[in-house]
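S.K.: sequence-free structure coming up:
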Ligand code: PMP
């Protein structure tokens, strides 16, 4: 704890007035006070610098204060920060929609620009419900999803989050009741499990009359457990959903924009979903923006309805600042160097995390693209792990039994080695 009275006062106010994610009020653990962030480093008010291995929760893929993103933001701020999107439009949003249609799997043609990942999932679920209402099958109202998933904290997305994750017990009786199937067997390279495939197919078939959509995170289940699976299950889901008149929604809010080594995780499977959600890294982590894309079939289906419009319209829809930065961020990805960077991160993390496999209590060490995970057979000792990490100059946020990183793509090999070493040390003290 710092002795600087100004910092102590700010932290006292924070603890007393400011909610943090999943935090108690008043707060019981003081957060770190950040004054500046630049490149891959956070500079704390007490003068310490930490290497950010979290990319601010998958978002800051180019690091902080990137000159191109800073310039795009300043340039757009000089023209127009925000205008309502009802009845008005603007070039940054139009350009962004065009770029997203070009970059996402073929067939996704229509883009809803919204203000957070959770809202983009809300919109995706609404699209599916409205599609079936508009096309004469109003009984198709439920969602099928994998256990261990995470899709956001607003109500409809919470209903498709892991039912063991705490939210379902807190909100029992209030959340829509969805259909859950075990998550695929773990391992990106694990062979397809025929009996699991049968269970998946049978469950969709059994519920087909009431299912609006299957909603999943492709290839990586993130906040629900950092699990990887064989992309073949996505191809399977595409076949099963098609055969049973059920829509398929991919939530690529965490996996999008290169994180798994493909631009979108769906590409590992060569599959186009009916609806796709993106967010987080969309603006390189600068501003809050997400998007929901859908096929022409979904859009036309909705337009055939008694209410022929998509019933959603947030105030900050298509925000010009966020759109301009998103365009600049996508521009930075255009030359494909992200692919080399993610491969390099994968290699360096594999090497750096290998010693974790010998640490007592570690049950799995896994790396895919720009994601590295050390899993324990017990809950991480948060105080000891945080001390082990920050004393080595690293910012990570372990949760449950997991110590994990998804660094900015620009992180050097030397900094990656420091992050990996700190993760091994955090596992040792946990
Ligand atoms: N879906 C996934 C897969 C996510 O990882 C998240 C955020 N962790 C969300 C949805 C919700 O996004 P947001 O926090 O921007 O509302």
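M.R.: Cool, got the structure. Not measured: the values here are computed from a predicted model.
S.K.: Which residues of the chain lie near the ligand?
M.R.: 57, 116-118, 121, 150-152, 217, 222-223, 251, 253-254, 279 (Cβ under 6 Å from any ligand atom). In this view, the C-beta of every residue, glycine as well, is placed from N, C-alpha and C.
S.K.: Now, the residues you listed that are in helices?
M.R.: Judged by DSSP state H, helices contain the following of these: 57, 117-118, 121.
S.K.: Between the residues you listed, which sits nearest the ligand?
M.R.: residue 117 (2.2 Å; Cβ to the nearest ligand atom).
S.K.: surely the closest one meets residue 256?
M.R.: No: under the criterion of Cβ atoms under 8 Å, residue 117 makes no contact with residue 256, lying 10.1 Å away.
S.K.: now, among the residues of the chain next to the ligand, which is nearest to the ligand?
M.R.: residue 117 (2.2 Å).
S.K.: Spatially, which residue comes closest to the closest one, not counting chain neighbours?
M.R.: Among residues not flanking residue 117 along the chain, residue 279 sits closest, at 3.6 Å (Cβ to Cβ, 6 or more residues apart in numbering).
S.K.: burial measure for that neighbour, as a count.
M.R.: By the criterion of other Cβ atoms under 10 Å, residue 279 has 28 neighbours.
S.K.: mind listing what it touches?
M.R.: 116-117, 120, 253, 256, 289-291 (Cβ atoms under 8 Å, 6 or more residues apart in numbering).
S.K.: Could you do residue 21 as well?
M.R.: Counting by Cβ under 8 Å, 6+ apart, residue 21 has no contacts.
S.K.: gap between it and residue 312?
M.R.: Distance of residue 21 to residue 312, given as Cβ to Cβ, to the nearest Å: 24 Å.
S.K.: Can you check the pLDDT for residue 28?
M.R.: According to the prediction, residue 28 has pLDDT 89.
S.K.: I'd guess it is in a strand, am I close?
M.R.: No: under the criterion used here (DSSP: H, G, I helix; E, B strand; the rest coil), residue 28 is coil, not part of a strand.
S.K.: What values do phi and psi take at it?
M.R.: phi -110, psi -20 (degrees, to the nearest 10).
S.K.: who touches both of residue 117 and residue 256?
M.R.: 279-280.
S.K.: List the buried residues of the helix or strand of the chain with the lowest mean pLDDT.
M.R.: Across the helices and strands of the chain, mean confidence by mean pLDDT, DSSP states H and E is lowest for helix 167-170: a mean of 80. Within helix 167-170, the residues that qualify as buried are 167-168, counting by 16 or more other Cβ atoms under 10 Å.
S.K.: Just the residues contacting it, thanks.
M.R.: The contact list for helix 167-170 (Cβ under 8 Å, 6+ apart) reads 153, 158, 161-162, 175.
S.K.: cutoff 7 Å now
M.R.: The contact list for helix 167-170, computed with Cβ atoms under 7 Å, 6 or more residues apart in numbering, reads 158, 161, 175.
S.K.: and what of stretch 129-145?
M.R.: Against stretch 129-145 from outside (Cβ under 7 Å, 6+ apart): 125, 160, 178-181, 203-204, 207, 209-216, 247, 298, 301-302, 304-305, 310-311.
S.K.: ditto for stretch 337-357
M.R.: Counting contacts by Cβ under 7 Å, 6+ apart, the residues touching stretch 337-357 from outside are 258, 261, 362, 365, 367, 369-370, 372, 374, 407, 409-411, 413, 416-417, 420-421, 423-424, 427.
S.K.: Please repeat the previous calculation with a cut-off of 8 Å.
M.R.: 61, 257-259, 261, 332, 362, 365, 367-370, 372, 374, 405, 407, 409-411, 413, 416-417, 419-421, 423-424, 427.
S.K.: list the buried ones in it?
M.R.: Within stretch 337-357, the residues scored as buried using 16+ other Cβ under 10 Å are 338-339, 341-342, 344-346, 348-349, 352-353, 355-356.
S.K.: and of those, the nearest to the ligand?
M.R.: residue 342 (17.8 Å).
S.K.: Would you check that residue 328 makes contact with residue 70?
M.R.: No: proximity of residue 328 to residue 70 does not meet the contact threshold set by Cβ under 8 Å, at 9.2 Å.
S.K.: Can you tell me which of the contacts of helix 167-170 is nearest the ligand?
M.R.: The closest of those, once distances to the ligand are taken by Cβ to the nearest ligand atom, is residue 161, at 9.0 Å.
S.K.: can I get the contacts of residue 279 in CSV with neighbour count and distance to residue 396?
M.R.: Shown next, in CSV, are the contacts of residue 279 (neighbours: other Cβ atoms under 10 Å; distance: Cβ to Cβ, whole Å):
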residue, neighbour count, distance to residue 396
116, 19, 23
117, 30, 21
120, 30, 26
253, 28, 20
256, 30, 21
289, 28, 25
290, 26, 24
291, 25, 28
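S.K.: Check those residues and tell me the two furthest apart.
M.R.: Among those, the pair separated by the greatest distance (Cβ to Cβ) is 116 and 256, at 14.4 Å.
S.K.: which ones are touching residue 400?
M.R.: Taking Cβ under 8 Å, 6+ apart as the contact definition, residue 400 lies against 225, 379-380.
S.K.: will you turn these into a markdown table that also has secondary structure and pLDDT?
M.R.: Converted to a markdown table, these look like this (DSSP: H, G, I helix; E, B strand; the rest coil; pLDDT from 0 to 100):
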| residue | secondary structure | pLDDT |
| --- | --- | --- |
| 225 | coil | 94 |
| 379 | coil | 97 |
| 380 | coil | 97 |
